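S.K.: Okay, here's the prediction I keep looking at, along with the sequence it came from:
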Amino acid sequence: MDAVTYAKKALEQSFGLFNMIADGMTDEQYNMKPEGTANSIAKSHVHAMTAVDFFLNGTLMGKQMQWPAFAQANGLPGNPTEIWTHTGAIPLAPMKEYGVNVQKTALEYVGSLSDADLDRELDTPFFGKQTAAFLIMLAGMHSVGHGGDMSAVKGLQGLKGLPF
């Protein structure tokens, strides 16, 4: 298997698990703020998907993020980092659709790369100079990590988080 095929399959698996975790709840459950310092599922969802949008669709592809238009249409902050202080509800169905669209764009792009493209270096705002492969790995790992956060908060509500 070539490296690009592996990278795309790994990213697809990460997104698949993340999307399963994001299913099976109401808007109220999605937005519920647990006690302590844990985040709502909604805020973790926004954070994880805007990170994919930023690092893969923005930084790696050099395109505009999909978030600003989505945020404006749904009454959410235009800067995704402001989601942490946002006090309104985040709509589940549109957010899931945004996530799937961001993932689709990223997967199509990753699938179009050559193995040599994975070594391309980019200046990133948070991690300095990194390769395309690093950003792809980061997107998958970050999504799964926050999927775990979301799963735990589902469990606190008596819902099934992980599918196994």
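M.R.: Looks like it came in fine. Residues are numbered from 1 along each chain as shown.
S.K.: Select the helix or strand of the chain having the lowest average pLDDT value.
M.R.: Taking mean pLDDT, DSSP states H and E as the measure, the chain has strand 121-124 as its least confident helix or strand, at a mean of 94.
S.K.: List the buried residues in that one.
M.R.: 122, 124 (16 or more other Cβ atoms under 10 Å). Placement of C-beta: from N, CA and C, glycine included.
S.K.: And for stretch 11-20?
M.R.: Under the neighbour-count criterion of 16+ other Cβ under 10 Å, stretch 11-20 has 11, 14-15, 17-18, 20 buried.
S.K.: Report the contact partners of the residue sitting nearest the centre point of the chain.
M.R.: In the chain, the residue lying closest to the centroid (Cα atoms, centre = their mean) is Met49, at 2.3 Å. Counting by Cβ atoms under 8 Å, 6 or more residues apart in numbering, Met49 makes contact with 95, 98-99, 102-103, 143.
S.K.: How many neighbouring residues does the closest residue in space to Ala73 that isn't next to it in sequence have?
M.R.: Spatially, and ignoring its direct neighbours in sequence, Ala73 is nearest to Pro94 (7.7 Å; Cβ to Cβ, 6 or more residues apart in numbering). When neighbours are defined as other Cβ atoms under 10 Å, Pro94 has 13 of them.
S.K.: so where does Pro94 fall, helix or strand?
M.R.: Using DSSP states H and E, Pro94 maps to helix 92-112.
S.K.: now the helices for the chain?
M.R.: Assigned by DSSP state H, the chain shows helices spanning 3-21, 27-31, 41-52, 67-73, 92-112, 132-156.
S.K.: sorry, back to before: now render the buried residues of stretch 11-20 as a markdown table, adding distance to Phe126.
M.R.: Output for the buried residues of stretch 11-20, formatted as a markdown table (distance: Cβ to Cβ, whole Å):
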| residue | distance to Phe126 |
| --- | --- |
| Leu11 | 19 |
| Ser14 | 19 |
| Phe15 | 21 |
| Leu17 | 24 |
| Phe18 | 20 |
| Met20 | 28 |
